[in-house]
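[1] Below are the sequence and a predicted model; questions follow.
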Amino acid sequence: MNEPVLVLNGNYEPLNVCNTKRAMGLILAGKVTVMENGRGFIRTVSRTYERPSVIRLICVVHRPRPRVRLCKREILRRDGYRCQYCGHQTSQLTIDHVVPRYRGGEHSWENLVAACPQCNRRKGGRGLAGAKMTLLHQPFEPHPTAQYLFGGYLEGNGTWAKYLEGW
């Protein structure tokens with residue numbers, strides 16, 4: 001009952017991922033329809049229900065465009081889990097402000113990069129020119145495409161691919 005289920009808006013736009021238990025509650029409340037059933041059935045004493053993989057809301061929910069959260073996990077994901085100064089790939093990456101906060105640098109996508117502890121110590125509280133370091137890639141805010149937001153769930157849910165394309 002804890003398998004992920006893709007939730008689509010009434011216009012087939014991917015909205016969210018919930019678990020099977022939540023999806024069954026929405027089905028029984030009549031708020032969604034089952035689009036894909038790739039997991040068999042749930043049997044009760046009196047009825048048999050499809051175990052959903054993809055569900056679609058009956059009504060269209062208007063919401064603002066999603067944005068990728070500014071957090072360490074997403075910065076590391078954007079930078080490909082590599083230090084943006086030396087290119088070293090390690091499991092102990094830190095987050096570095098390109099322009100230090102005390103020098104007016106903001107806590108934003110364009111000023112945060114992944115850095116290995118050695119490069120982060122070497123740069124210290126200086127800017128790039130002062131530390132004589134360069135970035136491998138210019139930092140940017142990632143686009144919140146459906147593939148980016150929900151692509152991590154595709155490994156065990158191949159039927160989701162056709163719903164994630166084009167968004």
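    Happy to help now that I have it.
[2] so residue 133 sits right up against residue 119, yeah?
    Yes - under the criterion of Cβ atoms under 8 Å, residue 133 makes contact with residue 119 at 7.2 Å. (Each C-beta comes from the backbone N, C-alpha and C, glycine too.)
[3] More neighbours: the two, which one.
    Neighbours of residue 133 and residue 119, each counted by other Cβ atoms under 10 Å, are more numerous for residue 119; the result is 21 against 18.
[4] Now the residue nearest to the spatial centre of the chain: phi and psi?
    Of all residues in the chain, the one closest to the mean position by Cα atoms, centre = their mean is residue 149, 3.5 Å from it. Reported as degrees, to the nearest 10, the phi and psi values for residue 149 are phi -70, psi -40.
[5] and it, what does it touch?
    14, 66, 68 (Cβ atoms under 8 Å, 6 or more residues apart in numbering).
[6] are any of the residues you listed buried, and which?
    14, 68 (16 or more other Cβ atoms under 10 Å).
[7] Find the residues that touch each one of residue 133 and residue 119.
    Where contact means Cβ under 8 Å, 6+ apart, the residues bridging residue 133 and residue 119 through contact with each are residue 85.
[8] Show me what the longest helix belonging to the chain is packed against.
    Ranked by residue count under DSSP state H, the longest helix found in the chain is helix 20-28. In terms of contacts (3 or more Cβ pairs under 8 Å, 6 or more residues apart in numbering; DSSP states H and E), helix 20-28 is packed against strand 4-8, strand 32-36, strand 54-57.
[9] What's the mean pLDDT across the first one?
    I take that to be strand 4-8. Mean pLDDT, strand 4-8: 92.
[10] Can you give the strand pairings for it, parallel or anti for each?
    Within its sheet, and counting by DSSP bridges, strand 4-8 is paired with strand 14-19 (antiparallel), strand 54-57 (parallel).
[11] which residues sit against the helix or strand following the shortest one?
    When you say that, I think you mean strand 54-57. Downstream of strand 54-57, the next assigned helix or strand under DSSP states H and E is helix 72-78. Residues outside helix 72-78 that contact it (Cβ under 8 Å, 6+ apart): 68, 93, 95, 109, 112, 113, 114, 139, 140, 142.
[12] Could you list the low-pLDDT ranges of the protein?
    In the predicted model, the chain carries pLDDT under 70 at residues 166-167.
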